[in-house]
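> following is a predicted model, sequence given first.
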Amino acid sequence: MIARQPLMAANWKMYKTPEQARAFVAAFLPLIANSQAAEIVLFPPFLDIATVLESVRNSQVQVGAQNIYWQEEGAFTGEISASMVRAAGCTHVLIGHSERRQYFGETDETVNSKLHAALAQRLLPVVCVGELLSEREAGQTEEVLRRQTSKALEGISAEMAAPIAIAYEPVWAIGTGRTATPEIAAEAHLVIRSQVAHALGRHVAENMRILYGGSVKPDNAPSLMNQPEIDGALVGGASLDPHSFAKIVESAGA
Ligand code: PGA
């Protein structure tokens, strides 16, 4: 039995000013001071990163960026590179969140380029995959998950893959209050894991953490985290409140 350390991640999306971020951390740290079970990562907006890093210093909480560009530097107005994120002190990065795919033109190809850039900078990438409601209803879930996973991993070798985590986020469950049941999520995770095994071998697949995301709340987190296939949670709305995210983090150690 492989023990994968749960990864509990807060995706703040485009919420919180630096001041609000500081207040969150001040309230959050005492609530999780005794929790050892999980790796805890906050993904604030870029502008909050310095403040959050300073506020979490000497705690077990780590900080990541919500996005990167794959070039290291250059004339790319408005973009931020993996090396800048790394130099700022981040340890993690989200790649290919469905909102980026939906509103900002991310494709399987850009996700792949960003994954390479993240690994080159020794960031821990959390690659997001997930099907649309229309794809689920058309019976295409497995095909979509296999395609997104294999394209994301193109050109990645088994030796490079250890830091990678994948987040399964069914698009119909994000911000809708409609969570995948633990069984639906576990089934999707098995598909993703088998695709990782196909691309990188069984050993990598068995060690890779696959998180669930999509309307994770304090009340549904325990049953999700109870599934052996679910190795953590990527939490949006419910991560904006320190008490509610602390409760979700607790479910990883239960
Ligand atoms: P949600 O978002 O928890 O608000 O559904 C999850 C995500 O988009 O990562």
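Now that the structure is in, tell me what you want to look at. Numbering: from 1, shown residues only.

> same question for the helix ranked longest in the chain, mean pLDDT?
Assignment by DSSP state H gives helix 182-200 as the longest helix of the chain. Taken as a whole, helix 182-200 carries a mean pLDDT of 97.

> in the next helix or strand after that helix, which residues are buried?
Using DSSP states H and E, the helix or strand that directly follows helix 182-200 along the chain is helix 202-207. Residues of helix 202-207 classed as buried by neighbour count (16 or more other CB atoms under 10 Å): 204-205. (Each C-beta comes from the backbone N, C-alpha and C, glycine too.)

> pull the distance from helix 202-207 to the chain's centre.
18 Å (CA atoms, centre = their mean, to the nearest Å).

> in its sheet, which strands sit next to the next helix or strand after that helix, and in what direction?
Downstream of helix 202-207, the first helix or strand assigned by DSSP H and E is strand 209-213. Here strand 209-213 has these sheet partners by DSSP bridges: strand 165-168 (parallel), strand 232-235 (parallel).

> hmm, residue 129 is touching residue 149, no?
Yes: Residue 129 sits in contact with residue 149 when judged by CB atoms under 8 Å, with a separation of 5.8 Å.

> common neighbours of the two, please.
Both residue 129 and residue 149 are in contact with 166, 192, where contact means CB atoms under 8 Å, 6 or more residues apart in numbering.

> quick one: name the residues of the stretch 51-200 of the chain near the ligand.
169, 174-175 (CB under 6 Å from any ligand atom).

> for stretch 10-23, the averaged confidence score.
In this model, stretch 10-23 has a mean pLDDT of 98.

> what residues of it count as buried?
For stretch 10-23, the neighbour count (16+ other CB under 10 Å) marks 10-13, 15-16, 18, 21-22 as buried.

> now flag whichever of these is closest to residue 208.
Minimum distance to residue 208 across those is 19.3 Å, recorded for residue 11 (CB to CB).

> ok so, going back, which ones among the buried residues of stretch 10-23 also lie next to the ligand?
Of the residues in these, proximity to the ligand by CB under 6 Å from any ligand atom holds for residue 11.

> which single one of the buried residues of stretch 10-23 is nearest to the ligand?
For the buried residues of stretch 10-23, the residue nearest the ligand by CB to the nearest ligand atom is residue 11; the value is 4.1 Å.

> correct me, but that closest one touches residue 233?
No: contact criterion CB under 8 Å: residue 11 and residue 233 do not qualify, at 10.0 Å.

> quick check: neighbours shared by those two?
residue 213.

> that older thread, same list, the strands paired with strand 209-213, but as JSON lines with mean pLDDT please.
Converted to JSON lines, these look like this (pLDDT from 0 to 100):
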{"stretch": "strand 165-168", "mean pLDDT": "98"}
{"stretch": "strand 232-235", "mean pLDDT": "98"}
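
> can you list those strands in a markdown table and add mean neighbour count?
What follows is those, written out as a markdown table (neighbours: other CB atoms under 10 Å):
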| stretch | mean neighbour count |
| --- | --- |
| strand 165-168 | 27 |
| strand 232-235 | 28 |
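
> thought residue 148 was touching residue 107?
No: checked against CB under 8 Å, the pair residue 148 and residue 107 is beyond contact range at 10.1 Å.

> who has more neighbours, these two?
Between residue 148 and residue 107, residue 148 has the larger neighbour count (other CB atoms under 10 Å), namely 23 against 11.

> contacting residues for the more buried one?
96, 108, 111, 129-130.

> what about residue 129 and residue 149, which has more around it?
For residue 129 versus residue 149, the count of surrounding residues by other CB under 10 Å is larger for residue 129: 27 against 23.

> give me the secondary structure label for the closest residue to residue 99 other than its chain neighbours.
In space, and not counting its chain neighbours, residue 99 is closest to residue 13: 7.2 Å by CB to CB, 6 or more residues apart in numbering. When classified by DSSP: H, G, I helix; E, B strand; the rest coil, residue 13 comes out as coil.

> one step back: who are the packing partners of the longest helix of the chain?
Applying 3 or more CB pairs under 8 Å, 6 or more residues apart in numbering; DSSP states H and E, one finds that helix 182-200 contacts helix 141-152, strand 165-168, helix 202-207, strand 209-213, helix 221-225.
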